[in-house]
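J.: got a predicted structure here, sequence first:
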Amino acid sequence: MLERLFKLQENGTTVRTEVLAGFTTFMTMAYIIFVNPAILSQAGMPFGAVMVATAVSAAFATLLMGLLANYPFALAPGMGLNAFFTYTVVLGMGLSWQTALAAVFVSGITFLLLTLTRAREAIINSIPLSLKYAVSVGIGLFIAFIGFTNAGIIVPSSATMVSLITPHHFADPELAATLKPWVTPASVLLSIFGLVFTGFLVVRKVRGALLYGILVTTVLGIPFGVTNVENFRLVSAPPSLAETFLALDLRSLLDYGLITIIFTFAFVDLFDSVGTFIGVASKARMLDDRGHLPRANRALLADSLGTIFGSLTGTSTVTTYIESASGVAEGGRTGLTALVVAGLFLLSIFFSPLVGIIPNAATAPILIIVGIFMMEPIMRINFNDFLEAIPAFFAIVMMPFAFSIAEGIVAGVLIYTALHALAGKFEKISLTMWILTVLFLLRFIVA
(Lines give C-alpha, C1' and ligand atoms only; values in the text may rest on other atoms or scores of the structure.)
Protein backbone atom coordinates (compact mmCIF):
# COMPACT_ATOMS: atom_id res chain seq x y z
CA MET A 1 0.00 0.00 0.00
CA LEU A 2 2.82 2.40 0.86
CA GLU A 3 4.43 1.71 -2.51
CA ARG A 4 1.20 2.47 -4.34
CA LEU A 5 0.49 5.59 -2.30
CA PHE A 6 3.96 7.18 -2.23
CA LYS A 7 5.72 5.56 -5.25
CA LEU A 8 8.82 4.74 -3.21
CA GLN A 9 10.59 2.70 -5.86
CA GLU A 10 9.95 5.31 -8.54
CA ASN A 11 11.52 7.94 -6.27
CA GLY A 12 14.52 5.77 -5.45
CA THR A 13 13.79 5.38 -1.74
CA THR A 14 12.69 2.82 0.84
CA VAL A 15 10.40 2.73 3.86
CA ARG A 16 13.43 2.67 6.19
CA THR A 17 14.97 5.71 4.52
CA GLU A 18 11.72 7.65 4.64
CA VAL A 19 11.13 6.83 8.31
CA LEU A 20 14.69 7.89 9.21
CA ALA A 21 14.22 11.08 7.22
CA GLY A 22 10.95 11.79 9.00
CA PHE A 23 12.51 11.34 12.44
CA THR A 24 15.42 13.59 11.46
CA THR A 25 13.18 16.37 10.15
CA PHE A 26 11.02 16.21 13.26
CA MET A 27 14.00 16.30 15.62
CA THR A 28 15.43 19.39 13.92
CA MET A 29 12.14 21.32 14.10
CA ALA A 30 10.65 19.94 17.33
CA TYR A 31 11.83 23.11 19.10
CA ILE A 32 8.81 24.92 17.60
CA ILE A 33 6.48 23.00 19.95
CA PHE A 34 7.91 25.02 22.84
CA VAL A 35 9.35 28.11 21.18
CA ASN A 36 6.09 29.07 19.44
CA PRO A 37 3.96 29.11 22.62
CA ALA A 38 6.81 30.87 24.46
CA ILE A 39 6.59 33.73 21.93
CA LEU A 40 2.80 33.83 21.53
CA SER A 41 2.25 33.66 25.29
CA GLN A 42 3.89 37.09 25.49
CA ALA A 43 0.89 38.32 23.49
CA GLY A 44 -1.36 37.04 26.27
CA MET A 45 -2.17 33.66 24.74
CA PRO A 46 -2.28 30.62 27.08
CA PHE A 47 0.96 28.64 26.77
CA GLY A 48 -0.55 25.15 27.05
CA ALA A 49 -3.31 25.72 24.50
CA VAL A 50 -0.85 27.25 22.01
CA MET A 51 1.53 24.32 22.46
CA VAL A 52 -1.24 21.88 21.52
CA ALA A 53 -2.38 24.13 18.64
CA THR A 54 1.21 24.24 17.38
CA ALA A 55 1.59 20.46 17.33
CA VAL A 56 -1.89 19.76 15.95
CA SER A 57 -1.66 22.35 13.15
CA ALA A 58 1.83 21.12 12.22
CA ALA A 59 0.55 17.54 12.06
CA PHE A 60 -2.49 18.54 9.99
CA ALA A 61 -0.56 20.60 7.43
CA THR A 62 2.32 18.13 7.14
CA LEU A 63 -0.11 15.22 6.68
CA LEU A 64 -1.80 17.14 3.85
CA MET A 65 1.59 17.80 2.27
CA GLY A 66 2.42 14.11 2.29
CA LEU A 67 -0.93 12.86 1.04
CA LEU A 68 -1.80 15.61 -1.46
CA ALA A 69 1.62 16.42 -2.93
CA ASN A 70 3.74 13.38 -1.98
CA TYR A 71 6.62 15.64 -0.93
CA PRO A 72 8.89 15.23 2.14
CA PHE A 73 8.20 18.79 3.33
CA ALA A 74 7.14 19.51 6.90
CA LEU A 75 5.06 22.47 8.04
CA ALA A 76 4.52 24.24 11.35
CA PRO A 77 3.88 27.76 12.69
CA GLY A 78 6.67 29.89 11.27
CA MET A 79 9.40 31.65 13.20
CA GLY A 80 9.50 35.35 12.38
CA LEU A 81 5.79 35.35 11.66
CA ASN A 82 5.07 34.47 15.29
CA ALA A 83 7.37 37.30 16.38
CA PHE A 84 5.55 39.71 14.03
CA PHE A 85 2.26 38.45 15.50
CA THR A 86 3.36 39.12 19.08
CA TYR A 87 5.70 42.10 19.05
CA THR A 88 4.33 44.15 16.14
CA VAL A 89 0.63 43.38 15.91
CA VAL A 90 -0.32 42.72 19.54
CA LEU A 91 2.26 44.51 21.70
CA GLY A 92 3.24 47.18 19.17
CA MET A 93 -0.16 48.10 17.72
CA GLY A 94 -2.19 47.23 20.78
CA LEU A 95 -4.53 44.79 19.03
CA SER A 96 -5.85 41.72 20.81
CA TRP A 97 -4.42 38.31 20.01
CA GLN A 98 -7.91 37.28 18.90
CA THR A 99 -7.81 40.02 16.23
CA ALA A 100 -4.32 38.96 15.17
CA LEU A 101 -5.59 35.39 14.73
CA ALA A 102 -8.35 36.75 12.50
CA ALA A 103 -5.71 38.47 10.34
CA VAL A 104 -3.86 35.16 10.04
CA PHE A 105 -7.13 33.46 9.05
CA VAL A 106 -7.81 36.02 6.27
CA SER A 107 -4.24 35.72 4.99
CA GLY A 108 -4.78 31.95 4.82
CA ILE A 109 -7.96 32.45 2.78
CA THR A 110 -5.94 34.75 0.51
CA PHE A 111 -3.32 32.03 0.03
CA LEU A 112 -6.05 29.52 -0.75
CA LEU A 113 -7.60 31.73 -3.45
CA LEU A 114 -4.18 32.40 -4.99
CA THR A 115 -3.49 28.66 -4.96
CA LEU A 116 -6.81 27.69 -6.53
CA THR A 117 -6.21 30.24 -9.32
CA ARG A 118 -2.70 28.74 -9.73
CA ALA A 119 -1.16 32.17 -9.14
CA ARG A 120 1.25 30.83 -6.48
CA GLU A 121 2.34 27.99 -8.79
CA ALA A 122 2.94 30.53 -11.57
CA ILE A 123 5.22 32.46 -9.22
CA ILE A 124 7.30 29.37 -8.49
CA ASN A 125 7.57 28.40 -12.15
CA SER A 126 8.39 31.95 -13.32
CA ILE A 127 11.50 32.34 -11.18
CA PRO A 128 14.56 31.75 -13.42
CA LEU A 129 16.53 28.55 -12.90
CA SER A 130 19.67 30.40 -11.79
CA LEU A 131 17.67 32.12 -9.05
CA LYS A 132 16.18 28.78 -8.00
CA TYR A 133 19.67 27.39 -7.50
CA ALA A 134 20.62 30.56 -5.65
CA VAL A 135 17.63 30.22 -3.33
CA SER A 136 18.79 26.74 -2.34
CA VAL A 137 22.29 27.99 -1.57
CA GLY A 138 20.96 31.04 0.27
CA ILE A 139 18.74 28.87 2.44
CA GLY A 140 21.79 26.72 3.18
CA LEU A 141 23.72 29.74 4.45
CA PHE A 142 20.65 30.92 6.36
CA ILE A 143 20.22 27.52 8.04
CA ALA A 144 23.92 27.34 8.87
CA PHE A 145 23.88 30.83 10.36
CA ILE A 146 20.91 29.87 12.56
CA GLY A 147 22.84 26.76 13.59
CA PHE A 148 25.98 28.71 14.51
CA THR A 149 24.00 31.24 16.57
CA ASN A 150 21.87 28.57 18.29
CA ALA A 151 25.08 26.72 19.15
CA GLY A 152 26.55 29.90 20.64
CA ILE A 153 29.58 29.62 18.36
CA ILE A 154 28.67 32.94 16.73
CA VAL A 155 27.51 35.68 19.12
CA PRO A 156 26.45 39.34 18.86
CA SER A 157 29.15 42.01 18.88
CA SER A 158 28.75 45.77 19.22
CA ALA A 159 31.95 46.36 17.25
CA THR A 160 31.57 43.87 14.39
CA MET A 161 27.88 42.90 14.65
CA VAL A 162 28.82 39.24 15.15
CA SER A 163 31.94 37.50 16.39
CA LEU A 164 33.31 34.11 17.37
CA ILE A 165 32.64 33.27 21.01
CA THR A 166 35.60 33.28 23.42
CA PRO A 167 36.00 32.55 27.15
CA HIS A 168 35.92 36.33 27.66
CA HIS A 169 32.21 36.34 26.74
CA PHE A 170 31.43 34.29 29.84
CA ALA A 171 33.82 36.17 32.14
CA ASP A 172 32.55 39.66 31.27
CA PRO A 173 29.03 40.25 32.75
CA GLU A 174 28.12 42.76 30.01
CA LEU A 175 29.07 40.34 27.23
CA ALA A 176 27.43 37.42 29.03
CA ALA A 177 24.16 39.37 29.09
CA THR A 178 24.14 39.43 25.25
CA LEU A 179 24.26 35.64 24.97
CA LYS A 180 21.18 33.49 24.45
CA PRO A 181 19.90 31.98 27.71
CA TRP A 182 20.91 28.43 26.85
CA VAL A 183 24.50 29.30 25.81
CA THR A 184 27.04 28.12 28.40
CA PRO A 185 30.66 26.93 28.10
CA ALA A 186 29.41 23.34 28.32
CA SER A 187 26.72 23.84 25.66
CA VAL A 188 29.18 25.42 23.22
CA LEU A 189 31.64 22.55 23.66
CA LEU A 190 28.79 20.05 23.27
CA SER A 191 27.70 21.76 20.04
CA ILE A 192 31.23 21.55 18.68
CA PHE A 193 31.33 17.86 19.60
CA GLY A 194 28.00 17.32 17.87
CA LEU A 195 29.26 19.09 14.76
CA VAL A 196 32.45 17.01 14.58
CA PHE A 197 30.73 13.74 15.47
CA THR A 198 27.88 14.20 12.99
CA GLY A 199 30.35 15.35 10.33
CA PHE A 200 32.35 12.17 10.89
CA LEU A 201 29.22 10.04 10.47
CA VAL A 202 28.40 11.90 7.24
CA VAL A 203 31.91 11.37 5.92
CA ARG A 204 31.59 7.66 6.73
CA LYS A 205 28.24 7.67 4.86
CA VAL A 206 26.34 6.30 7.86
CA ARG A 207 22.60 6.17 7.12
CA GLY A 208 20.73 8.21 9.70
CA ALA A 209 23.85 10.24 10.52
CA LEU A 210 21.91 13.39 11.39
CA LEU A 211 19.46 11.58 13.65
CA TYR A 212 22.25 9.69 15.41
CA GLY A 213 24.11 12.96 15.86
CA ILE A 214 21.12 14.50 17.63
CA LEU A 215 20.56 11.47 19.88
CA VAL A 216 24.20 11.00 20.91
CA THR A 217 24.72 14.70 21.58
CA THR A 218 21.50 14.85 23.63
CA VAL A 219 22.55 11.87 25.79
CA LEU A 220 26.08 13.23 26.23
CA GLY A 221 24.60 16.53 27.40
CA ILE A 222 22.97 14.91 30.47
CA PRO A 223 26.09 14.63 32.70
CA PHE A 224 27.18 18.15 31.66
CA GLY A 225 23.85 19.70 32.62
CA VAL A 226 23.05 20.80 29.06
CA THR A 227 20.28 18.27 28.58
CA ASN A 228 17.77 19.08 31.29
CA VAL A 229 16.20 15.90 32.70
CA GLU A 230 15.09 17.43 36.00
CA ASN A 231 11.52 16.39 36.87
CA PHE A 232 11.45 14.40 33.62
CA ARG A 233 8.36 12.36 32.85
CA LEU A 234 8.00 10.23 29.75
CA VAL A 235 4.27 10.76 29.22
CA SER A 236 1.94 13.58 30.24
CA ALA A 237 -1.66 14.52 29.47
CA PRO A 238 -1.92 17.35 26.91
CA PRO A 239 -3.28 20.76 27.99
CA SER A 240 -6.74 21.84 26.86
CA LEU A 241 -7.16 23.58 23.50
CA ALA A 242 -10.43 25.23 24.55
CA GLU A 243 -8.97 28.68 25.31
CA THR A 244 -7.71 29.30 21.76
CA PHE A 245 -9.96 27.10 19.60
CA LEU A 246 -12.12 29.32 17.33
CA ALA A 247 -11.11 32.36 19.42
CA LEU A 248 -10.36 34.63 16.44
CA ASP A 249 -12.17 37.99 16.34
CA LEU A 250 -13.38 38.48 12.76
CA ARG A 251 -15.37 41.60 13.66
CA SER A 252 -12.15 43.60 14.08
CA LEU A 253 -11.03 43.05 10.49
CA LEU A 254 -12.27 46.47 9.37
CA ASP A 255 -10.13 48.33 11.90
CA TYR A 256 -7.61 50.83 10.60
CA GLY A 257 -4.30 49.39 9.51
CA LEU A 258 -5.39 45.77 9.45
CA ILE A 259 -5.04 45.49 5.67
CA THR A 260 -1.31 46.18 6.03
CA ILE A 261 -1.04 43.51 8.72
CA ILE A 262 -2.82 40.92 6.56
CA PHE A 263 -0.60 41.83 3.60
CA THR A 264 2.54 41.38 5.69
CA PHE A 265 1.42 37.97 6.96
CA ALA A 266 0.55 36.96 3.39
CA PHE A 267 3.74 38.33 1.82
CA VAL A 268 6.23 36.77 4.22
CA ASP A 269 4.54 33.37 4.26
CA LEU A 270 4.13 33.30 0.47
CA PHE A 271 7.78 33.88 -0.30
CA ASP A 272 9.16 31.94 2.64
CA SER A 273 7.17 28.95 1.36
CA VAL A 274 8.15 29.55 -2.26
CA GLY A 275 11.78 29.82 -1.21
CA THR A 276 11.63 26.62 0.81
CA PHE A 277 9.91 24.67 -1.97
CA ILE A 278 12.43 25.82 -4.54
CA GLY A 279 15.49 25.50 -2.34
CA VAL A 280 14.80 22.06 -0.91
CA ALA A 281 13.42 20.70 -4.20
CA SER A 282 16.48 21.98 -6.06
CA LYS A 283 18.81 20.24 -3.64
CA ALA A 284 16.78 17.00 -3.89
CA ARG A 285 16.71 17.33 -7.71
CA MET A 286 12.91 17.33 -7.72
CA LEU A 287 12.69 20.12 -10.32
CA ASP A 288 11.94 19.03 -13.87
CA ASP A 289 13.95 19.93 -17.00
CA ARG A 290 12.32 23.38 -17.16
CA GLY A 291 13.11 24.08 -13.53
CA HIS A 292 9.47 23.62 -12.51
CA LEU A 293 8.31 21.84 -9.38
CA PRO A 294 5.78 19.11 -10.24
CA ARG A 295 2.64 19.10 -8.10
CA ALA A 296 3.55 22.55 -6.76
CA ASN A 297 -0.08 23.56 -6.55
CA ARG A 298 -0.90 20.60 -4.31
CA ALA A 299 1.99 21.49 -2.01
CA LEU A 300 0.84 25.10 -1.86
CA LEU A 301 -2.71 23.93 -1.14
CA ALA A 302 -1.45 22.06 1.92
CA ASP A 303 0.40 25.19 3.01
CA SER A 304 -2.72 27.37 2.60
CA LEU A 305 -5.05 25.00 4.43
CA GLY A 306 -2.45 24.64 7.18
CA THR A 307 -2.54 28.38 7.86
CA ILE A 308 -6.35 28.43 7.95
CA PHE A 309 -6.45 25.42 10.27
CA GLY A 310 -3.74 26.90 12.51
CA SER A 311 -5.62 30.18 12.95
CA LEU A 312 -8.75 28.26 13.95
CA THR A 313 -6.94 26.16 16.54
CA GLY A 314 -5.03 29.13 17.93
CA THR A 315 -1.60 29.76 16.42
CA SER A 316 0.15 32.11 14.03
CA THR A 317 0.82 31.43 10.33
CA VAL A 318 1.74 27.84 9.40
CA THR A 319 4.44 27.62 6.77
CA THR A 320 6.79 25.12 5.14
CA TYR A 321 9.97 24.64 7.16
CA ILE A 322 13.52 24.93 5.88
CA GLU A 323 14.39 22.17 8.36
CA SER A 324 12.72 19.84 5.82
CA ALA A 325 16.13 19.93 4.18
CA SER A 326 17.53 17.78 7.00
CA GLY A 327 15.14 14.96 6.08
CA VAL A 328 15.89 15.38 2.39
CA ALA A 329 19.59 15.17 3.25
CA GLU A 330 18.85 11.81 4.89
CA GLY A 331 17.28 10.57 1.66
CA GLY A 332 13.63 11.50 2.19
CA ARG A 333 11.95 11.90 -1.20
CA THR A 334 8.23 11.22 -0.74
CA GLY A 335 5.21 12.06 1.35
CA LEU A 336 5.97 9.11 3.62
CA THR A 337 8.61 11.30 5.26
CA ALA A 338 5.94 13.96 5.85
CA LEU A 339 3.55 11.29 7.18
CA VAL A 340 6.14 10.24 9.77
CA VAL A 341 6.71 13.87 10.80
CA ALA A 342 2.96 14.44 11.15
CA GLY A 343 2.61 11.34 13.34
CA LEU A 344 5.49 12.45 15.57
CA PHE A 345 3.92 15.89 16.01
CA LEU A 346 0.71 14.26 17.20
CA LEU A 347 2.61 11.95 19.55
CA SER A 348 4.57 14.91 20.89
CA ILE A 349 1.39 16.19 22.55
CA PHE A 350 1.62 13.23 24.93
CA PHE A 351 5.43 12.95 25.00
CA SER A 352 6.19 16.66 25.24
CA PRO A 353 8.64 16.19 28.16
CA LEU A 354 10.71 13.79 26.02
CA VAL A 355 10.76 16.15 23.04
CA GLY A 356 11.51 19.06 25.33
CA ILE A 357 14.80 17.69 26.67
CA ILE A 358 16.53 17.86 23.26
CA PRO A 359 18.85 20.87 23.68
CA ASN A 360 19.80 23.45 21.08
CA ALA A 361 23.33 22.09 21.39
CA ALA A 362 22.08 18.86 19.76
CA THR A 363 20.05 20.37 16.91
CA ALA A 364 22.29 23.34 16.05
CA PRO A 365 25.10 21.17 14.60
CA ILE A 366 22.54 19.46 12.35
CA LEU A 367 21.47 22.80 10.89
CA ILE A 368 25.11 23.60 10.11
CA ILE A 369 25.63 20.23 8.41
CA VAL A 370 22.43 20.72 6.39
CA GLY A 371 23.75 24.11 5.33
CA ILE A 372 26.77 22.34 3.88
CA PHE A 373 24.53 19.89 2.02
CA MET A 374 22.64 22.75 0.38
CA MET A 375 25.73 24.38 -1.14
CA GLU A 376 25.88 21.93 -4.06
CA PRO A 377 23.52 23.83 -6.46
CA ILE A 378 25.95 26.77 -6.53
CA MET A 379 28.01 24.77 -8.99
CA ARG A 380 25.09 24.92 -11.45
CA ILE A 381 25.05 28.75 -11.50
CA ASN A 382 27.03 30.22 -14.39
CA PHE A 383 29.14 32.87 -12.64
CA ASN A 384 30.79 33.76 -15.96
CA ASP A 385 27.47 35.26 -17.07
CA PHE A 386 27.05 38.31 -14.85
CA LEU A 387 23.42 38.78 -15.87
CA GLU A 388 22.79 35.49 -14.06
CA ALA A 389 25.54 35.71 -11.44
CA ILE A 390 24.75 39.12 -9.91
CA PRO A 391 21.05 38.45 -9.13
CA ALA A 392 21.96 34.97 -7.88
CA PHE A 393 24.66 36.41 -5.60
CA PHE A 394 22.26 38.93 -4.04
CA ALA A 395 19.59 36.26 -3.53
CA ILE A 396 22.17 34.09 -1.76
CA VAL A 397 23.70 36.65 0.58
CA MET A 398 20.55 38.59 1.48
CA MET A 399 18.96 35.57 3.12
CA PRO A 400 21.48 35.29 5.99
CA PHE A 401 22.27 39.04 6.01
CA ALA A 402 18.60 40.11 6.22
CA PHE A 403 17.69 36.97 8.21
CA SER A 404 14.84 36.30 5.80
CA ILE A 405 14.25 33.90 2.93
CA ALA A 406 11.62 36.28 1.55
CA GLU A 407 14.00 39.25 1.40
CA GLY A 408 16.56 37.15 -0.45
CA ILE A 409 13.97 36.29 -3.11
CA VAL A 410 12.94 39.95 -3.32
CA ALA A 411 16.54 41.07 -3.86
CA GLY A 412 17.18 38.42 -6.51
CA VAL A 413 13.99 39.18 -8.46
CA LEU A 414 14.43 42.97 -8.42
CA ILE A 415 18.06 42.85 -9.51
CA TYR A 416 17.38 40.18 -12.15
CA THR A 417 14.60 42.26 -13.71
CA ALA A 418 16.57 45.53 -13.54
CA LEU A 419 19.76 44.12 -15.07
CA HIS A 420 17.99 42.24 -17.86
CA ALA A 421 15.86 45.28 -18.70
CA LEU A 422 18.93 47.55 -18.83
CA ALA A 423 20.72 45.00 -21.03
CA GLY A 424 17.75 44.86 -23.40
CA LYS A 425 17.10 41.17 -22.62
CA PHE A 426 13.34 41.67 -22.25
CA GLU A 427 12.59 38.23 -23.65
CA LYS A 428 14.10 36.68 -20.51
CA ILE A 429 11.72 38.53 -18.19
CA SER A 430 8.39 36.76 -17.89
CA LEU A 431 5.13 38.58 -17.23
CA THR A 432 5.00 37.10 -13.74
CA MET A 433 8.50 38.42 -13.02
CA TRP A 434 7.36 41.90 -14.09
CA ILE A 435 4.32 41.65 -11.81
CA LEU A 436 6.48 40.47 -8.90
CA THR A 437 8.89 43.36 -9.49
CA VAL A 438 6.08 45.91 -9.34
CA LEU A 439 4.60 44.31 -6.22
CA PHE A 440 7.97 44.24 -4.47
CA LEU A 441 8.59 47.91 -5.28
CA LEU A 442 5.11 48.84 -4.05
CA ARG A 443 5.79 46.97 -0.83
CA PHE A 444 8.85 49.12 -0.14
CA ILE A 445 6.95 52.30 -1.00
CA VAL A 446 3.92 51.42 1.15
CA ALA A 447 6.11 50.27 4.04
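T.: Arrived safely, thanks for sending.
J.: can you tell me the closest non-neighbouring residue to Thr307?
T.: Gly108 (3.5 Å; CB to CB, 6 or more residues apart in numbering). Yep, even glycine has a C-beta here, placed from its N, CA and C like the rest.
J.: roughly how far does that neighbour sit from Leu2?
T.: With distances taken as CB to CB, to the nearest Å, Gly108 is found 30 Å from Leu2.
J.: so those two - more neighbours on which side?
T.: The residue with more neighbours, out of Gly108 and Leu2 and counting by other CB atoms under 10 Å, is Gly108; that gives 25 against 14.
J.: tell me the SS of that one?
T.: Three states are possible here, and by DSSP: H, G, I helix; E, B strand; the rest coil the one that applies to Gly108 is helix.
J.: ok, it - contacts?
T.: Contacts were defined as CB atoms under 8 Å, 6 or more residues apart in numbering; by that measure Gly108 touches 304-308, 310-311, 317.
J.: how about these in CSV, adding distance to Ile39?
T.: Written out in CSV, the entries for the contacts of Gly108 read as follows (distance: CB to CB, whole Å):
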residue, distance to Ile39
Ser304, 23
Leu305, 23
Gly306, 18
Thr307, 17
Ile308, 21
Gly310, 14
Ser311, 16
Thr317, 13
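J.: report the two of these separated the most.
T.: In the contacts of Gly108, two members sit farther apart than any others by CB to CB. They are Leu305 and Thr317, at 12.5 Å.
J.: these two: which is more packed in?
T.: Neighbour totals were compared for Leu305 and Thr317, and Thr317 leads with 29 against 21 (other CB under 10 Å).
J.: phi first, then psi, for that one.
T.: phi -50, psi 130 (degrees, to the nearest 10).
J.: that one contacts Phe265, doesn't it?
T.: Yes: with contacts counted by CB atoms under 8 Å, Thr317 reaches Phe265, the gap being 5.6 Å.
J.: what touches both of these two?
T.: Contact criterion CB under 8 Å, 6+ apart; residues shared by Thr317 and Phe265: 81, 104, 107.
J.: looking at pLDDT only, which of those residues scores worst?
T.: Of all the shared contacts of Thr317 and Phe265, Leu81 has the smallest pLDDT value, namely 75.
J.: could you measure from that residue over to Ala423?
T.: In terms of CB to CB, Leu81 sits 36 Å off from Ala423.
J.: same question, Glu18
T.: Distance check for Glu18 against Ala423: by CB to CB, it reads 45 Å.
J.: repeat that for Glu376.
T.: Summarising the geometry, the distance separating Glu376 from Ala423, computed by CB to CB, is 29 Å.
J.: who's more crowded, these two?
T.: Taking other CB under 10 Å, Glu376 and Ala423 do not tie; Glu376 has more neighbours (15 against 11).
J.: pLDDT wise, what is that one at?
T.: As predicted, Glu376 sits at a pLDDT of 79.
J.: now Leu64
T.: The score at Leu64 is 95. That number is its pLDDT.
J.: can you tell me the SS state at the residue lying closest to it once chain neighbours are set aside?
T.: Closest residue in space to Leu64, ignoring its immediate chain neighbours: Ala302 at 3.8 Å, by CB to CB, 6+ apart. Three-state secondary structure (criterion: three-state DSSP) places Ala302 in helix.
J.: look at Val162 and tell me its secondary structure.
T.: Three-state call for Val162 (three-state DSSP): strand.
J.: now for it: which residues touch it?
T.: Under the criterion of CB under 8 Å, 6+ apart, the contact partners of Val162 comprise 149, 154-156.
J.: which residues touch the residue nearest the centre of the chain?
T.: Centroid-nearest residue in the chain: Tyr321, 2.9 Å away (criterion: CA atoms, centre = their mean). By CB under 8 Å, 6+ apart, the residues touching Tyr321 are 25, 29, 32, 73-76, 78, 276.
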